[in-house]
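# generate coordinates for the sequence data below:
(2 chains)
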Amino acid sequence: MSLAKSPWIIHVNVNSCNGCDIEVVACLTPLYDAERFGVLNIGTPKQADIMVVTGSVNYKSVNVLKNIYNQIPDPKVVLAVGACASTGGIFHDCYNVIGGVDQVIPVDAYVPGCCPRPEAILDGVVAALSILEEKKKGNIKGKEVKLKGNEVPSNA
Amino acid sequence: MNMNDILTIVLVLIGAPILGCLASGIDRRITARLQGRVGPPILQPYYDVKKLLSKDNMIVNPSQNFYVIVYLVFIILSLLMLVFKQDFLMIIFVYTVASLALIVGGMSTGSPYARVGSSREIMAILSYEPVLILYALAIYLLTGTFKLTAVLDASSPLLIYTPLIFIAMIVVLNIKFKKSPFDYSTSHHGHQELVKGMTTEYGGPGFATIEIAHFYEYVFLTGLIFLFWASTPIIGVLIGILVYLLIIVIDNITARVYWQWMLKLSWSVLLIISIVNIAYLYYSQAKLV
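Numbers count the residues shown, from 1 in each chain, chains lettered A, B, ... in the order given. Model (predicted):
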């Protein structure tokens, strides 16, 4: 139960339009007060448990995303917030967009919406907590995602 | 070393982190209430430490773990020396070693955030250390010895003779607790200062050790305030709690300042009022009885 009582999140913006970011930060305000569940928005990936990703992944941000994911100690879960992070959203067929976050790193929970309500994000965090506990029990480690160069797709 | 001493050591080792944990929880609760939020449970720091201990230890280099252990051990040592009424000057030196261990640990990681945080912590030590030394000097002038036995056995309180040093010590505690307006080397409860300042590269059990050391530090620093009215322990404890609450309020009503401002404040105002206090003690030949 110790993990579920103090989930520390790291918020990563990979090419988001800032709509989802504002909603993520709104969770910490007095109106929603995520800290009453022990949620802290922590700056460094070394101390984080839940990675909250917003925005669709593109060729500029993919390595940053992989790098931050690799730096989070196990057990860890990834929460994709918003339509772009889940599937690529309206940017899915852009020339520079790879797609949703799950194209690059394993995603455990999705929060749909453009942009999702703060209640939905808090709900997603709570859903991620049970996955975090299961990972701890089953001793499931996140695989290290290999870094590649910023390669450009052949059809670009 | 008799049975009583061993019992005291065990009591300090177990009791201090519990008290520190509760103090930290109350701090987070009060901070939340002052911001119009509900806030986490009082035991939240305990849950945090328990969680951090169950995580993987991800480190940059093995010496990082060593420095964290040194930090914890020397904090506990300085607290034990305070409880056993040892030499006050020696307590300050042992406490400085603990602070230095954390700085070296931050420097050893090579992360730019940790390095900037460590440099700022060095500035913090530079600004509070003279005041602490003058506090020790005041105790020497009043009792003729650096041993704390004289202060604790005296029937009159220290505060009557050292009111200006008491004011300076409140600011020193503010710097040491790493509370706003001096929370720039690293900060508590989720404020992001240079990512996480000195402790950027610590995660899991390493960071948990730092948190536990903070719990001991809370008790140690409140103990320094307790000394001002040690003749009646209940008033001493009350003053300690009041100063702690005052620091939480200051934390919430002030914004972060440049480190230059802290240096100017402590080397002008704090140092001058401390020296005025020392001069008064020297010329009046006042003695603590």
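
# the closest residue to chain B within chain A: neighbouring residues, count only.
The nearest approach of chain A to chain B comes at A:Lys46, 3.3 Å away (CB to the nearest CB). In short, each C-beta sits where N, CA and C put it, glycine included. A:Lys46 sits with 27 neighbouring residues when counted by other CB atoms under 10 Å in any protein chain shown.

# list the contacts of it.
A:Gln71, A:Ile72, A:Pro73, B:Met58, B:Thr200, B:Glu201, B:Tyr202, B:Gly203, B:Gly204, B:Phe207 (CB atoms under 8 Å, 6 or more residues apart in numbering or on different chains).

# chain B contacts on chain A?
By the rule CB under 8 Å from any CB of the partner chain, the part of chain A lying against chain B is A:2-3, A:5-6, A:8, A:30, A:33, A:35-38, A:40-44, A:46-47, A:49, A:71, A:73-75, A:136.

# give me the buried entries from the residues you listed.
For these, a neighbour count by 16 or more other CB atoms under 10 Å in any protein chain shown gives the buried set as A:2-3, A:5-6, A:8, A:33, A:35, A:37-38, A:40-44, A:46-47, A:49, A:71, A:73, A:75, A:136.

# just those residues: which are in strands?
Using DSSP state E, A:Trp8, A:Leu40, A:Asn41 are the members of those that sit in strands.

# excluding sequence neighbours, find me the nearest residue to the residue in the stretch 101-250 of chain B that chain A sits nearest to.
Residue nearest to chain A within the stretch 101-250 of chain B: B:Gly203 (3.3 Å; CB to the nearest CB). Once flanking residues are discounted, B:Gly203 sits nearest to A:Lys46: 3.3 Å by CB to CB, 6 or more residues apart in numbering or on different chains.

# same question for A:Gln103.
Using CB to CB, 6+ apart, the nearest residue to A:Gln103 is A:Val57, at 6.4 Å.

# which regions of chain A lie under the pLDDT threshold?
Counting by pLDDT under 70, the ranges of chain A that qualify are A:1, A:147-156.

# what about the strands in it?
Ranges of strands in chain A, per DSSP E, are A:8-13, A:40-41, A:50-54, A:57-58, A:77-81, A:97-99, A:109-111.

# related to what we said a few turns ago, the residue of the stretch 101-250 of chain B closest to chain A: neighbour count?
Neighbour count of B:Gly203, defined by other CB under 10 Å: 25.

# sec struct for it, please.
coil (DSSP: H, G, I helix; E, B strand; the rest coil).

# who's in contact with it?
Going by CB under 8 Å, 6+ apart, B:Gly203 touches A:Thr44, A:Lys46, A:Gln47, A:Pro73, B:Leu52, B:Lys55, B:Asp56, B:Asn57, B:Met58, B:Ile59.

# mind listing what the first one touches?
If a contact means CB under 8 Å, 6+ apart, then A:Thr44 has A:Ile10, B:Tyr113, B:Val195, B:Lys196, B:Thr200, B:Glu201, B:Gly203 as its contacts.

# repeat for the last one
Residues in contact with B:Ile59, defined by CB under 8 Å, 6+ apart, are B:Asn65, B:Glu201, B:Tyr202, B:Gly203, B:Gly206.

# of all those, the one with the weakest confidence?
Within these, B:Gly203 has the lowest pLDDT, namely 82.

# and it, its phi and psi?
Backbone torsions for B:Gly203, taken as degrees, to the nearest 10, come to phi -150, psi 160.

# likewise for the one 3 residues further on?
B:Gly206 has phi and psi values of phi -60, psi -40 when expressed as degrees, to the nearest 10.

# pretty sure it contacts B:Asp56?
No - the pair B:Gly206 and B:Asp56 fails to qualify as a contact (CB atoms under 8 Å) at a distance of 10.6 Å.

# what about those two, which has more around it?
Neighbours per residue (other CB under 10 Å) separate B:Gly206 from B:Asp56, with B:Gly206 holding more: 23 against 14.

# mind listing the helices for chain A?
Along chain A, counting by DSSP state H, helices occupy A:2-5, A:19-26, A:62-71, A:83-87, A:118-138.

# among these, show me which one is buried the most.
Stretch with highest mean neighbour count among those: helix A:83-87 (a mean of 25; mean count of other CB atoms under 10 Å in any protein chain shown).

# what is that helix packed up against?
Applying 3 or more CB pairs under 8 Å, 6 or more residues apart in numbering or on different chains; DSSP states H and E, one finds that helix A:83-87 makes contact with strand A:50-54, strand A:109-111.
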